[in-house]
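**Student:** fold the following, please.
(one chain, ligands or ions: 2)
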Amino acid sequence: MKKEVTRNHAQSKNHFNLMIRNLGHSLGASEIGFSDLSRLPAQKRMHYNHAITVMIKLSDGILNQIESAPTHTYFSHYRSVNRLLDDISLRILLALEAQNYASVAIPASQSVADPDDPFAGAFAHKTAAVLAGMGWIGCSALFIHQRYGPRVRLATILTNAPVAAGEPVTQSGCGSCRACVSACPALAIEGQLWTPGLARNALYDANACSQHMKDAFHHIGRGAVCGLCVVACPIGK
Ligand code: SF4
Ligand code: SF4
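**Tutor:** Residues are numbered from 1 along each chain as shown. Ligands and ions are numbered 1, 2, ... in the order given. I've put the predicted structure just below:
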C-alpha cells in the first residue's frame, strides 16, 4: 500500500514536470530542468524548495562571428535571449500561480546591489541548473551544458510546486582542457577545476572581466560579456 502511494506521488510529480516542460518548449525554451534546493540555506533559496531552470541555446551563427572581439550582433542577441527567457519564466510563473503554487521568477540577467558581490543576482541560475543535472561550472565560471557547453543562457523559477528533481552534477567535465584560460584577454580565469561549493572568485575575477569589457568594448554596449571564453570552449562547438 505504501509503495502504491509513493508510486502515485512520483507519477504526479512526473506529470507536473511534463506539463511545465511542454509549456516551456512551446514558448521557445531549448530545455527545462528541475532541481531540489533543500540542501541550500533557506535564505539563499528564498525559502522555496524547488527550482525550474529555463535554458535557451544561443545561436551558433552569431557566436561563430566572434573572433577576437564581441560583435554588435552578439550584444543584441544576448539581450534578446534574456528577454525571451524572462517572458517564458513569466508564463511558467503564472501557470504555477494559477494552480496555487507559491513561486517567484528570477530575471535572466539582473545584478542586485550586494556590497559583497556587485555581480551577483538575486539567485544564481547556475546553481539550480547544476542541481538539475543539466551541466557543471566550467573553469571559466560559466555554466557548461552537457551538450551545448557555455552556448546557453538561463533563467530560474523558484517554486514550492511538487516537481521531480534531476540528479545533481557533482564533478567538473573540463578535464585537462584550459582553452578559456588562454582565450581570456583580461587574464581573469584562474584555470582551477570546479568542485561543488567552490566560491566563484576562486575560478575567475569578475572585476577584471567587467573592467575589460568597459575598457575595450564600451562602444558595443554595456552589460554583456566579451564572449571569448564562450567561443573558445570545445564543448558545444
Ligand atoms: S568574458 Fe572575456 S574578459 Fe570575461 S572571462 Fe570571458 S574571455 Fe575573459
Ligand atoms: S574551455 Fe575547457 S576549461 Fe574552459 S570551460 Fe570549456 S571545457 Fe572547461
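**Student:** now the end-to-end length of stretch 230-237.
**Tutor:** When the termini of stretch 230-237 are compared using Cα to Cα, to the nearest Å, they are 9 Å apart.
**Student:** quickly check: that stretch near ligand 2 or not.
**Tutor:** Yes: interface with ligand 2: stretch 230-237 contributes Ala232, Cys233, Ile235 (Cβ under 6 Å from any ligand atom). C-beta coordinates here come from the backbone N, C-alpha and C atoms, glycine included.
**Student:** now for the last one, how many residues are close by?
**Tutor:** The one in question is Ile235. 19 (other Cβ atoms under 10 Å).
**Student:** same deal with the first one?
**Tutor:** By other Cβ under 10 Å, 20 other residues sit near Ala232.
**Student:** looking at the residues of stretch 230-237 next to ligand 2, which is nearest Leu37?
**Tutor:** Ile235 (25.7 Å; Cβ to Cβ).
**Student:** what's the nearest residue to the closest one if we skip its chain neighbours?
**Tutor:** Closest residue to Ile235 in three dimensions, ignoring its sequence neighbours and counting by Cβ to Cβ, 6 or more residues apart in numbering: Gly149, at 3.3 Å.
**Student:** now that neighbour: how far from Gly191?
**Tutor:** Applying Cβ to Cβ, to the nearest Å, the value for Gly149 to Gly191 is 17 Å.
**Student:** settle it for me: which of the two has more neighbours?
**Tutor:** Between Gly149 and Gly191, Gly149 has the larger neighbour count (other Cβ under 10 Å), namely 21 against 14.
**Student:** residues contacting the more buried one?
**Tutor:** Gly138, Val230, Cys233, Pro234, Ile235, Gly236, Lys237 (Cβ atoms under 8 Å, 6 or more residues apart in numbering).
**Student:** at 6 Å what do you get?
**Tutor:** Residues in contact with Gly149 (Cβ atoms under 6 Å, 6 or more residues apart in numbering) are Cys233, Ile235, Gly236.
**Student:** how many neighbouring residues does the last one have?
**Tutor:** The reference is to Gly236. By other Cβ under 10 Å, the residues close to Gly236 number 20.
**Student:** who touches stretch 29-41?
**Tutor:** Contacts for stretch 29-41 (Cβ under 6 Å, 6+ apart): 17, 21, 24, 45, 49, 51-57, 88, 128-129, 131-132, 134, 163, 165-166.
**Student:** what average pLDDT does it get?
**Tutor:** For stretch 29-41, mean pLDDT rounds to 96.
**Student:** okay, the residue nearest to Ile235: pLDDT?
**Tutor:** On the pLDDT scale, Gly149 gets 98.
**Student:** same question, Lys3
**Tutor:** Lys3 is given a pLDDT of 55.
**Student:** fine by me, thanks again.
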